[in-house]
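Visitor: Turn this into a model:
(chains A, B, C and D)
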Protein chains: 4
Amino acid sequence: MTTPSDHFILTLSCPNRPGIVAGVSTFLFEKGCNILEAQQYDDTETNRFFMRVVFNVVASEASLPEIREGFAAVAAGFDLTWTMRAVAEKRRVLLLVSKFDHCLADLLYRWRIGEIAMDITGIISNHPIETYAHLDFDGIPFHHLPVTKATKLEQETKIWEIFQSSGSELAVLARYMQVLSDGLTAKLSGKCINIHHSFLPGFKGAKPYHQAHARGVKLMGATSHYVTSDLDEGPIIEQDVERISHQDSPDDLVRKGRDIERRVLARAISWHLQDRVLLNGSRTVVFRD
Amino acid sequence: MTTPSDHFILTLSCPNRPGIVAGVSTFLFEKGCNILEAQQYDDTETNRFFMRVVFNVVASEASLPEIREGFAAVAAGFDLTWTMRAVAEKRRVLLLVSKFDHCLADLLYRWRIGEIAMDITGIISNHPIETYAHLDFDGIPFHHLPVTKATKLEQETKIWEIFQSSGSELAVLARYMQVLSDGLTAKLSGKCINIHHSFLPGFKGAKPYHQAHARGVKLMGATSHYVTSDLDEGPIIEQDVERISHQDSPDDLVRKGRDIERRVLARAISWHLQDRVLLNGSRTVVFRD
Amino acid sequence: MTTPSDHFILTLSCPNRPGIVAGVSTFLFEKGCNILEAQQYDDTETNRFFMRVVFNVVASEASLPEIREGFAAVAAGFDLTWTMRAVAEKRRVLLLVSKFDHCLADLLYRWRIGEIAMDITGIISNHPIETYAHLDFDGIPFHHLPVTKATKLEQETKIWEIFQSSGSELAVLARYMQVLSDGLTAKLSGKCINIHHSFLPGFKGAKPYHQAHARGVKLMGATSHYVTSDLDEGPIIEQDVERISHQDSPDDLVRKGRDIERRVLARAISWHLQDRVLLNGSRTVVFRD
Amino acid sequence: MTTPSDHFILTLSCPNRPGIVAGVSTFLFEKGCNILEAQQYDDTETNRFFMRVVFNVVASEASLPEIREGFAAVAAGFDLTWTMRAVAEKRRVLLLVSKFDHCLADLLYRWRIGEIAMDITGIISNHPIETYAHLDFDGIPFHHLPVTKATKLEQETKIWEIFQSSGSELAVLARYMQVLSDGLTAKLSGKCINIHHSFLPGFKGAKPYHQAHARGVKLMGATSHYVTSDLDEGPIIEQDVERISHQDSPDDLVRKGRDIERRVLARAISWHLQDRVLLNGSRTVVFRD
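Guide: Modelled structure (predicted):
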């Protein structure tokens, strides 16, 4: 369901115990709020509870700061990890890309027509801007940050400076083909989404389409996940596959993969920006739309 | 999520207004219940609210009748249409079948291994029991009710008598190839699930696989829906498809269709029996597992 | 399989009889050609035979005209309807579009990176060029041809003139939201591909996403087909679907549909341009890649 | 396409070179045969050619032995590895199973209604026949062969004796949960199909559903492959997947997996029995129906 701009989104997770839903919903009701959407998940293995609530204010003049302030008491009572924000406040997103720009072109299109609501704070590439001559960046700052083994530390330091100075809340590796160092991944923990061009955990590492071809699998896929220091092992947000056959060469897989990659990455970003993705250890809870 | 036998399921729908979730969840909390799963849907077109709650009793000795009795007051306040039942109470289901028994064989298998929790009250066919010589009915009463135009009224009267006398709550047309009369569909409203062997609304009526072949579609499907007097127009519960090609003859579609039909029907029945399907006019709200 | 530029493609269809494959393959062998790919289909209902062969010249200096000339005798003997062309000769394609440009943007991207090998001869829209300010047309002629009931004949005459004068071989209705007249569809028979935003034959005509929402289907789709005078009834080339739920509003279907539409249309165009689609009455034979 | 019982199937593979199709098709034509279906694949990496031809005899009285004898000369000329057999001759198949019988029940059903044309030569289990009390074995010999580490050699010797003495051509591990020794897999090379309950190469080895749950993947699958001494690394014949979510417990995956497993295994067996699967090193060429 699409969420208009006067809506607010609350997410929370906490140790499970009776009364959480009652506590949260009663608080919202008393503040004059109406719950429009709610999803919850109770992880019986870890005994952890997860919830996402979309609400608007219908019976009061309460502002977001007021509601947040009031909610802090509820949150303390249930030991909640929580976020509450206005849908109208667009998230600030930094895009990183290398030579292949199909995900970048796709994200720019979805952003332009309003399908993905975000402010793009910049585009970082290890290739020069001429690589993307046919894309309309529409005034988005472009940063050419070439990288070699010797300059990796400096280059990543610049990435982090751009991320911070631009007020970015999310970094998207839109086929950015450099492995981030542990230092940078640590800083971007939970704030950096990658698209890997295989159906993980199959075919980690380099040239996954060639690996898939060599193994002779009958379906190929792509995986969008949060970046962690453990390469291709981060919490998975979304995956999708297409059927292939013995006829498909590695080049065919690359071609067919572009379609899968761009839709998997776009979904993962949309869901992250709509607070539909909650971390649950090394896994995710995804309240899909 | 699978739901153990000490669980209870509450479903409700009502005109939307603030406070419903708070009211329901606070009631359950005060009765000593713990909410394990909850799904809700707010139909902004019709302004109707739908909810399904799975809970157990953790902090009291409240019995289902006591909880039901207490909940009646909440229900009246919000003008709820509601159900509340124990997962442990198996629903009673009557199966109807004609010559093709792939759905019947599949349902019997899922029932036997406990995948679909139900009591099968009987099997009605317009074909004799010898048709199913290789199936183990395991003591389930079998009723051979042949039917002609001239005897349709009497035959359907018998079906209804068997449904009632056996305490059945759901009738499943598991490839029962007779069109039910308006009289019988009216009595079974919301309590009768059919499997139609096409992706509705395409290819209504007879021989849908031949229609699909003639039209040259590239995907074929099956649809499970509640039976209404308007043939093949009842509220859809579940659909699925498979890719086909120009190579597939009508016989190939029949063969490939069997796999789709049996999984679509099994899902629809499971979800109905788990109170995951709520009627919303001519459509359904399905809280999928 | 991708087909390099020294490859040739032969397609043929004819009344079925023994010896066709032997006749065709022996001819090619004797001309010094090597068969790289071959697909065939024998329609036992209509007794018609369909074949697509990809070959290159390995053991002679034969040119395409020479091979074509020699093949004419084989063709006459088997009463073949046939085409033979060099993969290197790009087909000339005219794009038509209305306000929604997601298919246009997608096709331009695939064309630019060489995924779809074609020469785009022009872009016709009933909306002004400003509508597409963010798309890089890269010198492709743009024709703004507004249309009203009163001017439809003149507008379609201009479309046909542009199609002819630009040497176009295929017209693509990339979400062009005007119904073509019988006169124009007749001229474009077998040379005009449309994308319809429903899983045909369900939801023909206007606002199919709203129709799908109203009917409560559980999967939505898109269909690419050749345009005929019978609206939404032309031979289907490709279809695809995605799962939806009760939560999806018509706007959500529009959003999710964009992804399906663009990939279904792109596949249909690619396959047409690679001579993978052969007409078989009101259906198609599609030798998928 | 279904293949009637007067059809013959020829499969072949050989080093690629011009003239193979011409040689094969001309031979068949001269023997009075009509090609009904043909599929071919040219592996440009290994320069190996693969072909499957379905034909019948229309213009002569040639018998299968005569055609085979004549074809031997063609085969020698092109260095073919080839098979030719009558569709009417049913293949003999030995089934192995452990406690979970969903694949066994499914295969028995498909066999009974004629969907999978085969003669079942026996059912071997490491569990007693009472485990399958509700299945109608219809006179198929049942062999209870319990196994421990100490008796594995003897037990596998018995399996091999039964395979040979029953004239079996294919062994199917229909959720047979014992790892075959290298000795037995060597004897059954290319003649033994397994169903692994994961989307390989992800989650090899034991408890794949638990592994999939722990990793948090968003799609789960099953894989049917030829058994080799390298566990879960044999050539893949067919795979399929279903979408799952954070809500799915390992038990839910087991339940949902049953549906995938049985259809993946059934397809793999059907295609093998119809000579649609050709080995290509560690991969397969599958001419799907």
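
Visitor: use CA for all of it now, contacts and neighbours both
Guide: Fine.

Visitor: Would you mind listing what in the stretch 151-289 of chain A touches chain D?
Guide: Within reach of chain D by Cα under 8 Å from any Cα of the partner chain, the stretch 151-289 of chain A has these residues: A:200-203, A:214-219, A:235-240, A:245-247, A:282-286.

Visitor: and with 7 Å instead?
Guide: A:201-202, A:215-219, A:236, A:238-239, A:246-247, A:283-286 (Cα under 7 Å from any Cα of the partner chain).

Visitor: Which of these fall in helices?
Guide: Counting by DSSP state H, these place A:Arg215 in helices.

Visitor: Report the two of the residues of the stretch 151-289 of chain A next to chain D separated the most.
Guide: A:Gln247 and A:Val285 (36.8 Å; Cα to Cα).

Visitor: more crowded one of these two?
Guide: Using other Cα atoms under 10 Å in any protein chain shown as the criterion, A:Gln247 and A:Val285 rank with A:Val285 on top: 23 against 20.

Visitor: doesn't D:Gln247 make contact with the more buried one?
Guide: No - with contact defined as Cα atoms under 7 Å, A:Val285 does not count as touching D:Gln247 (8.1 Å).

Visitor: what about chain A, any weak spots by pLDDT?
Guide: Within chain A, the ranges that satisfy pLDDT under 70 run A:1-3.

Visitor: Near chain B, which residues of it are found?
Guide: Residues of chain A lying near chain B (Cα under 7 Å from any Cα): A:18-19, A:21-22, A:25-26, A:29, A:34-42.

Visitor: What about those, which are in strands?
Guide: Using DSSP state E, A:34-42 are the members of these that sit in strands.

Visitor: where does the residue lying closest to A:Ser282 once chain neighbours are set aside sit relative to A:Met51, distance-wise?
Guide: Using Cα to Cα, 6 or more residues apart in numbering or on different chains and skipping the chain neighbours, the partner closest in space to A:Ser282 is A:Pro235 (5.1 Å). Going from A:Pro235 to A:Met51 by Cα to Cα, to the nearest Å gives 18 Å.

Visitor: cool, and A:Leu145?
Guide: Where A:Met51 is concerned, A:Leu145 sits at a distance of 40 Å (Cα to Cα).

Visitor: ok, the two, which is more surrounded?
Guide: Between A:Leu145 and A:Met51, A:Met51 has the larger neighbour count (other Cα under 10 Å), namely 22 against 17.

Visitor: How many neighbouring residues does the nearest residue to that one once chain neighbours are set aside have?
Guide: Once flanking residues are discounted, A:Met51 sits nearest to A:Gln40: 4.2 Å by Cα to Cα, 6+ apart. Per other Cα under 10 Å, the neighbour tally for A:Gln40 reads 23.

Visitor: Contacts only, for A:Gln40.
Guide: A:Gln40 sits next to A:50-52, B:37-38 when contact means Cα atoms under 7 Å, 6 or more residues apart in numbering or on different chains.

Visitor: any chance you could map the strands in chain A?
Guide: Using DSSP E, strands in chain A cover A:8-15, A:33-43, A:48-57, A:81-86, A:92-97, A:119-125, A:142-144, A:170-173, A:192-196, A:219-226, A:236-243, A:277-280, A:283-286.

Visitor: related to what we said a few turns ago, which ones among the residues of the stretch 151-289 of chain A next to chain D also lie next to chain C?
Guide: A:Gln247.

Visitor: Smallest gap between the stretch 1-150 of chain A and chain D, at which residue?
Guide: Nearest to chain D in the stretch 1-150 of chain A, going by Cα to the nearest Cα, is A:Tyr41, at a distance of 7.0 Å.

Visitor: Please name the spatially closest residue to A:Asn126 (chain neighbours excluded).
Guide: Excluding the flanking residues, the one nearest A:Asn126 by Cα to Cα, 6+ apart is A:Pro146, at 4.1 Å.

Visitor: The stretch 51-200 of chain A: helices as residue ranges?
Guide: With DSSP state H, counting those that start in this stretch, the ranges of helices along the stretch 51-200 of chain A come out as A:64-78, A:102-112, A:152-165, A:182-187.

Visitor: Next, count neighbours for the residue in the stretch 51-200 of chain A that chain D sits nearest to.
Guide: Proximity of the stretch 51-200 of chain A to chain D (Cα to the nearest Cα) peaks at A:Leu200, 7.2 Å away. A:Leu200 has 23 neighbours, counted by other Cα under 10 Å.

Visitor: Just list the residues touching it, thanks.
Guide: Neighbours of A:Leu200 in contact, by Cα under 7 Å, 6+ apart: A:Thr223.

Visitor: just the one 3 residues further on next, same as before
Guide: A:Phe203 sits next to A:211-212 when contact means Cα under 7 Å, 6+ apart.

Visitor: Next, work out how far apart it and A:Met220 are.
Guide: Note on A:Phe203: its distance to A:Met220, by Cα to Cα, is 10 Å.

Visitor: what's the closest non-adjacent residue to A:Val254?
Guide: A:Tyr209 (6.4 Å).

Visitor: Excluding covalently adjacent residues, which one is nearest to A:Ser245?
Guide: A:Lys218 (5.7 Å).
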